[in-house]
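[1] Dropping the sequence and predicted coords here.
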Amino acid sequence: PNYLAWREAHHVFTAMAADDFDETVGLGAAEGTEAIHADWVSSNYFAVLGVSPQLGRSFSKNEDQPGRDHVVILSHDLWESHFGSDPSILGRTVRLNRENWAVIGVMPADFRLLGYTPQLWLPLVLEAADQTAAARSRRALRVLARLNSGVTLAEARAELATLARRAQEDFPEVERGWGAAVRTLPDFLIYDFGIRTGLAVMMAAVGFVLMIACANVAGLLLARAAGRQKELSIRMSLGARRRDIVRQLLAEGLLIALLGGALGLVLASWGVDFVRANLKFNEAISAVPLSLDGNVLLFALAASFASALLSSLAPALKASRADVRATLEDQSRGSSSGRTHNRLRKILVTGEIALTLFLLVGSGLLIRGFYLLEHQNLGFQPDHLLTANITLDKARYKDASEQSLLVQDLISRLQPLPGVEAVAAASDLPATGPDSVTLRIEGQTEIAASQRPHAVDVVVTPGYFRVAGIPLLRGRTFTLRDNPTAPPVVLVNQEFVHRYLRDEEALGKQVRLGMSGAREEQWSEIVGVVGDVKTYSEEPRVDPEVYEPFLQRPAGSFSLMLRTDSDPGALASSLRRTVSQADRELPLARVMTMSGVIERQKGGDPFFMHVLASFALLALILASIGIYGLIAYSVGCRIQEVGIRMALGARSADVVGMIMREGLVIGAVGASLGVVAALPLPKVFDALFQGLQWREPKLYLLMSAAILLVATLATYIPARRAARVDPMVALRYQ
């Protein structure tokens, strides 16, 4: 109803479209029926997106009316894989959900709404029932609109906020607490994927690695500039102009930067190929194009020029303005490295150690937190479990009794299969984020519908808890006697008892669930309490949960669950064959083990954790190289000083000890700064990723010890080399 009202009342959009995504339909073929992802869209959907079919046409206005809606548009991939790219496909009929549909178009190969991969599009039919007050509780549509020329995003948000507020005023019972958010399409995709925080953390890690690399480059350029100070002064004393010196250093810096940028693009190309090869864990991510385009090339070129200017201009200007006589005297045989250069080198080494430790601690906390999350107890047993999804079509399974009979028939056929221990069906698989319903508890104060408590709602068959491995704590589970003629019953989890019943006895209490079809106005008795199951496998939270018997409220879409005594994947072909025997035109989708379902839900988390760990390792390697290089250069600048000390009687051990003490002081200061900077990280991660365990004091000690070990080795090697220098050679060192 909101979409229908807003479509006519807005003043900021040229057009508004809607779609209902991820509906599974059965595509009939000679070899059987295949489950296909379909998208039900309004007739102006493609016009709003600004795209036209490659073949044929898009939907017309009257094709979203009942009885005139049996037309379909194919995706390019489906046209290629199932119809052999046949250009005569237009006008032919295909079998969808036991009905004939006419093909009117084929979309271009490059048409992708990132994150959604429908294989065909069907007209979205909104009937009279979709405009009633009862339909306001169904919020399945995704609405897209194109802004009018000259209208800003802020104006569109204000307009939709006004319309949402008007809906709250007119229908407070169901609209209170709801609003309307307006986002650009790219921003919506990031929001819908739920990856904004993850991207921010990843880019922060990239930024720290970049800063460490920059500290390395700055240290090398500093050493290079200091080493060439005498050369540049001699050039100027022989008549070179200041602008010639600046131009020479800028040209050298630009050449180095361009070579580095070119090498970076080559490495980036390999990295993109590697990432693309590892981002195959679901169709939505696989559909995202990853490539180095013109924008990346322009950015690399601009970054190379900028780095050339920043890294070369300051040393060039300093060298060109230096006093030639003072520089030559400072670089004379008896001089050591300048104090300014020494101080700057120490600052760079200290900052690099602090940055590296900060990144190591942050990466360690993230990896540990997500490792614990990945290995958490989900509350059920996912091993040896085979699953498959079925969506019933309305052409054959029109009412609840037919749906119940089919489920019972499937369970009776699957139970005798070799290797099958138990079979059940459920509206949602455990730990996959089921939908929630509002509820009332008898005896508690009546409150408005919009303020009522919520609970996760799952419809299950008898035997579900045995198949899933969810323990029964009190009472009983469902039986075949819990049918439509019996009094309504439900089971609840322990979190429901704790949160809504304050740990009182739950058995015998009455609850009434909203949005429960025929049972919406009836009270249901709690007959059992079961263990908690995580709402989603990748989150630590547990929500109150209510289980309803399938025979009392059948679901048009459900998942089969088979508990096996061996490899569940080996039963996939038997499952498909048995379902086909029960109904040849019944599509079976997402046949996979429960472990595979959980792995799919991770959404690439393990891969990105590996990437984050590689960033931390890269930071440690870069820091080790940079620390060693700067310390080795600092020690090299003190060769004359070392020679004088040894000529005056200092032993090799004294020289090593002196250099080691200075290096360890720098390492300790840098590590201390890094630890202090990393102390707030657990609170920051708490705010970003709620419910995970971040506090691990041992990690701070471990990373500090690692970075101090790196600093010690980076100092010891050049110190030993300096201590072995012949004093006479050191005294003649330039």
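    Thanks, I have it. Computed from a prediction, not measured in an experiment: that's the story for all the values here.
[2] Going by secondary structure, Tyr547 is in what exactly?
    Per DSSP states H and E: Tyr547 is located in strand 545-549.
[3] what's the average pLDDT for that strand?
    Across strand 545-549, pLDDT averages out at 97.
[4] Could you do stretch 709-722 as well?
    Mean pLDDT, stretch 709-722: 84.
[5] Mind listing what's buried along that stretch?
    For stretch 709-722, burial by neighbour count (16 or more other C-beta atoms under 10 Å) applies to Val710, Ala711, Ala714, Thr715, Tyr716, Pro718, Ala719, Ala722. Yep, even glycine has a C-beta here, placed from its N, CA and C like the rest.
[6] Switch the residues you listed over to TSV; also include distance to Thr461.
    As requested, the buried residues of stretch 709-722 are arranged in TSV below (distance: C-beta to C-beta, whole Å):
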residue	distance to Thr461
Val710	59
Ala711	63
Ala714	65
Thr715	69
Tyr716	69
Pro718	72
Ala719	74
Ala722	78
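[7] so which of these comes closest to Arg242?
    When these are compared for distance to Arg242 (C-beta to C-beta), Pro718 wins out at 35.2 Å.
[8] Over to the closest one. Which of the three states is it?
    Following DSSP: H, G, I helix; E, B strand; the rest coil, we place Pro718 in the helix state.
[9] if you skip the residues just before and after it, what's nearest to Ala205?
    Nearest residue to Ala205 in three dimensions, chain neighbours excluded: Phe615, at 4.6 Å (C-beta to C-beta, 6 or more residues apart in numbering).
[10] what's the burial count for the one you found?
    20 (other C-beta atoms under 10 Å).
[11] Then Asp110?
    Asp110 is flanked by 9 other residues according to other C-beta under 10 Å.
[12] next one: phi and psi at it?
    Asp110 adopts backbone torsions of phi -90, psi 10, taken as degrees, to the nearest 10.
[13] Show the pLDDT at it.
    At Asp110, the model reports a pLDDT of 86.
[14] Neighbouring strands - and their directions - for the helix or strand following the strand holding Tyr547?
    Using DSSP H and E, the helix or strand that follows strand 545-549 towards the C-terminus is strand 557-564. Sheet pairing of strand 557-564 (DSSP bridges) gives strand 385-391 (antiparallel), strand 420-426 (antiparallel).
[15] Mean pLDDT for the ones you listed - can I get that in a markdown table?
    Formatted as a markdown table, the strands paired with strand 557-564 follow (pLDDT from 0 to 100):
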| stretch | mean pLDDT |
| --- | --- |
| strand 385-391 | 95 |
| strand 420-426 | 96 |
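[16] The ones you listed into TSV, with extra columns for mean neighbour count and distance to Thr438?
    Converted to TSV, the strands paired with strand 557-564 look like this (neighbours: other C-beta atoms under 10 Å; distance: least, C-beta to C-beta, whole Å):
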stretch	mean neighbour count	distance to Thr438
strand 385-391	22	25
strand 420-426	21	21
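[17] now for those, which one comes closest to Thr593?
    Evaluated with C-beta to C-beta, the strands paired with strand 557-564 place strand 385-391 nearest to Thr593, the distance being 5.8 Å.
[18] which other residues reach that closest one?
    Applying C-beta atoms under 8 Å, 6 or more residues apart in numbering, the contact partners of strand 385-391 are 23-25, 35, 429, 467-468, 556-564, 568-569, 571-572, 575, 579, 586-595, 597.
[19] quick one: the residue located most distally from the centre of the chain from Ile639, how far?
    With distances taken as C-alpha atoms, centre = their mean, the residue sitting farthest from the centre of the chain turns out to be Leu648, at 63.8 Å. Leu648 sits 15 Å away from Ile639, going by C-beta to C-beta, to the nearest Å.
[20] what does Ala711 give?
    Using C-beta to C-beta, Ala711 is found at 21 Å from Ile639.
[21] And Trp6, by the same measure?
    Distance from Trp6 to Ile639, by C-beta to C-beta: 78 Å.
[22] What of Phe607?
    Noted for Phe607: a distance of 48 Å to Ile639, by C-beta to C-beta.
[23] all helices of the stretch 501-650 of the chain, in order?
    Applying DSSP state H, counting those that start in this stretch to the stretch 501-650 of the chain gives helices spanning 572-582, 594-601, 605-636, 639-647.
[24] next one: the stretch 1-150 of the chain
    Under DSSP H, counting those that start in this stretch, the stretch 1-150 of the chain gives helices at 2-9, 45-49, 76-83.
[25] Centre of the chain to the shortest one, how far?
    What it means is helix 45-49. Taking C-alpha atoms, centre = their mean, to the nearest Å, the mean C-alpha location of helix 45-49 is offset from the chain mean by 28 Å.
[26] Name the next helix or strand downstream of the lowest-mean-pLDDT helix or strand in the chain, please.
    Within the chain, judged by mean pLDDT, DSSP states H and E, the helix or strand with the poorest mean is helix 324-330; its value is a mean of 57. Next along the chain after helix 324-330, taking DSSP H and E as the criterion, comes helix 339-374.
[27] That following helix relative to helix 594-601, how many degrees between them?
    140 degrees (axes from the mean of the first three to the mean of the last three C-alpha atoms, to 10 degrees).
[28] Could you list the buried residues of helix 339-374?
    Applying 16+ other C-beta under 10 Å to helix 339-374 flags 341, 344-346, 348-370, 373 as buried.
[29] just to revisit the earlier point, I'd like to know which of the helices of the stretch 1-150 of the chain is closest to Pro453.
    helix 2-9 (24.1 Å).
[30] and the closest one, average pLDDT?
    86.
[31] and if you look at stretch 392-401?
    Averaged over stretch 392-401, pLDDT sits at 87.
[32] What are the contacting residues of it?
    With C-beta under 8 Å, 6+ apart, stretch 392-401 has contacts from 25-26, 97-99, 402-403, 406, 484, 517-518, 553-554, 556-557, 583, 585-586.
[33] Kindly recompute the last result at 7 Å.
    The contact list for stretch 392-401 (C-beta atoms under 7 Å, 6 or more residues apart in numbering) reads Gly26, Asn97, Arg98, Glu99, Gln403, Leu406, Pro554, Gly556, Ser557.
[34] where's the residue at minimal distance from the centre of the chain relative to Val361, distance?
    The residue lying closest to the centre of the chain (C-alpha atoms, centre = their mean) is Ile195, at 3.9 Å. Distance, Ile195 to Val361, using C-beta to C-beta: 23 Å.
[35] Please identify the longest strand in this structure, counting by residues.
    strand 13-29 (DSSP state E).
[36] Which neighbouring elements make contact with it?
    If you count contacts as 3 or more C-beta pairs under 7 Å, 6 or more residues apart in numbering; DSSP states H and E, strand 13-29 packs onto helix 2-9, strand 32-41, helix 45-49, strand 93-96, strand 142-147.
[37] Sounds good, over and out.
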